[in-house]
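In: dropping a prediction and its sequence here:
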Amino acid sequence: MKTTSLQLLGAALALAGLASGCKKALDTYYTEVGGQLPTVRSVTGTATFGSGTGTSVKLTTGEVIPIEILFAQQTSPVKQLVILQKIEPGRDSTVVQTIPYAPAFSKRKNGDTLVVNYTVPAGANKANVRVDARVDAQNGQSKYLSLTFRLAEATPTVAINSGPTNVTLGTASTGTAPGDVVRYNLTLNAGGITSAALFTAAGTLYKDLDSLNVYAKVGPAAERRIDRRKLAATGAATTLNVDEPLPAGSAGQSVTFRFEATVRAPARRTSATAATGVAVGAPTAFSATVRTGALAYAGTTGGDLAAYDLTTFAAVAAAGAATAKDLTISSTAGNAVQFKALNATRYVRSTAAVYAAATLTSVRQAYTAAAATAQVASLDNIVVGDVILVKLRGLDQYEALQVTAINRTSTTDVTVNFSVKAL
């Protein structure tokens, strides 16, 4: 027993020595060499309005944007922060600014913060710019994060492709008057793109458009803005029709339009002026003689007086050609009178004020301005005082009609009287 105990004791001492030697060897492997790296939690550039988001951020040479760096020291205090940039196609970074460290702890963000006003450098359109924020510790260790953007053209372009076209008159008419709508077709940022994945992408990268201002100059009077249109936030080439009414009081004068595209940040604007002005005439008046007419509906056929020709201002017999029937009573069901055109004539409901001041010009303008869904071949529930603007047979011929009386002679039969203003 004694001999066995001594042997076990020797073995235990040998194992202890071995364990001690292993611990010493393991410690050597885990010895810290140098200090820890500082921490950079985020680098955020606040792009100005219309610069794009995410991977499509685009900035313009000379813009100043704030960059916020959120960081923290570790075992060694922070010595300085360095801002570097690399501009495509260049391969080397250059130092933009070196800022000695000063404590700026944010309780809300739980770290030091630094805001640097960064000026966007010059470079080729679509060039990718990488901005590095590097935090240097006093022990020589550094850590950095990056943000990137592409260089874009700030100043938009405007080109007038066609115009003026009088959309109120149509192509076959003459007699432009105040209130007529004229159309110009424009292209903004011709050849432009709104984002670029590569420096070699085709097209010019533009900052986002903000708005289109329309100016009018009437005769020798000073130019004034008559319209402002919000544009889609894009830098891509945009073609659009711009419809504008000729200003009131412009009769007998020439009206010249100017179109100005704007970018909000940085503030830029470019305009194009129409090469020729629009010669504006006086409104065309209706005849001083107001015609009167009547429709008599009898049963299901309507009789000889159930249809009316608004070009000859005469009744049309039931057997007459449908092409001459601009106005008929087509139904009295449910005690409600229905007007209907049996040809290409169309109606738009209007107001007593429009009828009172009606000219050929004003009726044409009001009819043309109405939505397509309001330009109809039939009208229900006709009542006394109803005003109806009429476009005759698909032509540039317009009249204004007002219902003056409705006389029921039975549950189905009815007589409707009306007055008509026309040329």
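Out: Received the coordinates, thanks.
In: how long is stretch 257-270 from one end to the other?
Out: The straight-line separation of the ends of stretch 257-270 (C-alpha to C-alpha, to the nearest Å) is 14 Å.
In: name the residues of it that are buried.
Out: Within stretch 257-270, the residues that count as buried by 16 or more other C-beta atoms under 10 Å are 257-266, 268. Where you see a C-beta, it was placed from the backbone N, CA and C, and this is true even at glycine.
In: from those, pick the one nearest residue 288.
Out: residue 257 (35.0 Å; C-beta to C-beta).
In: so that closest one versus residue 143, what's the distance?
Out: Relative to residue 143, residue 257 is positioned 58 Å away (C-beta to C-beta, to the nearest Å).
In: next one: residue 334
Out: On the measure of C-beta to C-beta, residue 334 and residue 143 end up 83 Å apart.
In: these two - which one has more neighbours?
Out: residue 143 (16 against 8; other C-beta atoms under 10 Å).
In: could you pull up the residues touching the one residue sitting closest to the centre of the chain?
Out: The centroid of the chain falls nearest to residue 232 when counting by C-alpha atoms, centre = their mean (2.8 Å). For residue 232, the contacting residues are 209, 238, by C-beta atoms under 8 Å, 6 or more residues apart in numbering.
In: what about stretch 246-258, distance to the chain center?
Out: On the basis of C-alpha atoms, centre = their mean, to the nearest Å, stretch 246-258 sits 27 Å off its chain's mean C-alpha point.
In: oops, could you answer that again for stretch 328-339 instead?
Out: The answer for stretch 328-339 is 45 Å, by C-alpha atoms, centre = their mean.
In: that one: which residues count as buried?
Out: 328-332, 337-339.
In: can you tell me which of the residues you listed are in helices?
Out: If you go by DSSP state H, the buried residues of stretch 328-339 have nothing in helices.
In: please tell me I have it right and residue 247 contacts residue 178.
Out: Yes: using C-beta atoms under 8 Å as the test, residue 247 is close enough to residue 178 to be in contact (6.6 Å).
In: same drill for these two, tell me which one is more crowded.
Out: residue 178 (22 against 18).
In: quick one: contacts for that one?
Out: Contacts of residue 178 (C-beta under 8 Å, 6+ apart): 245-251, 280, 283.
In: just among those, which is most surrounded?
Out: Result: residue 246 is most packed of the contacts of residue 178 (other C-beta under 10 Å), 26 neighbours.
In: quick check: it touching residue 183?
Out: No: assessed by C-beta under 8 Å, residue 246 is found out of contact with residue 183, at 11.7 Å.
In: one step back: could you dump the buried residues of stretch 257-270 to TSV with distance to residue 94, pLDDT and secondary structure?
Out: Formatted as TSV, the buried residues of stretch 257-270 follow (distance: C-beta to C-beta, whole Å; pLDDT from 0 to 100; DSSP: H, G, I helix; E, B strand; the rest coil):
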residue	distance to residue 94	pLDDT	secondary structure
257	48	97	strand
258	44	98	strand
259	42	98	strand
260	38	98	strand
261	35	98	strand
262	34	97	strand
263	28	95	strand
264	30	91	coil
265	26	85	coil
266	23	89	coil
268	28	94	strand
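In: list the contacts of residue 124.
Out: 88-89, 151, 199.
In: ok, and the most crowded of the residues you listed?
Out: Tallying neighbours with other C-beta under 10 Å puts residue 151 at the head of those, with 25 neighbours.
In: give the next helix or strand downstream of the worst-scoring helix or strand of the chain on mean pLDDT.
Out: The helix or strand of the chain with the poorest confidence is helix 2-29; it has a mean of 51 (mean pLDDT, DSSP states H and E). Using DSSP states H and E, the helix or strand that follows helix 2-29 towards the C-terminus is strand 39-45.
In: how far out from the middle of the chain is that next one?
Out: 34 Å.
In: what does it rub up against?
Out: Counting by C-beta under 8 Å, 6+ apart, 57, 65-74, 111, 118, 131, 133, 135, 143-147, 149 sit against strand 39-45.
In: domain parsing for the chain?
Out: According to automatic domain parsing, the chain comprises the domains 39-151, 158-279, 291-421.
In: quick one: the first one to chain centroid distance?
Out: Centroid separation between domain 39-151 and its chain, computed with C-alpha atoms, centre = their mean, is 33 Å.
In: kindly report the same for the second one.
Out: Its chain's average C-alpha position is 14 Å from that of domain 158-279, according to C-alpha atoms, centre = their mean.
In: residues contacting the residue nearest to residue 261 when sequence neighbours are not counted?
Out: With sequence-adjacent residues excluded and distances taken as C-beta to C-beta, 6 or more residues apart in numbering, residue 261 is closest to residue 156, at 4.3 Å. Counting by C-beta under 8 Å, 6+ apart, residue 156 touches 188-189, 206-207, 209, 261-263, 268-270.
In: and the pLDDT at residue 156?
Out: Looking at residue 156, its pLDDT is 97.
In: quick one: buried residues of the helix or strand that contains residue 361?
Out: Using DSSP H and E, residue 361 maps to helix 360-369. By neighbour count, and taking 16+ other C-beta under 10 Å as the criterion, the buried residues in helix 360-369 are 360-368.
In: show the average pLDDT along that helix.
Out: On average, helix 360-369 scores 94.
In: residues in contact with that helix: which ones?
Out: So helix 360-369 is in contact with 167-169, 175, 177, 179-181, 245, 283-286, 348, 350, 354, 375, 389, 391, 396, 398-400, 421, 423, going by C-beta under 8 Å, 6+ apart.
In: repeat that with 6 Å
Out: 168, 177, 179, 283-284, 286, 348, 354, 389, 391, 398, 400 (C-beta atoms under 6 Å, 6 or more residues apart in numbering).
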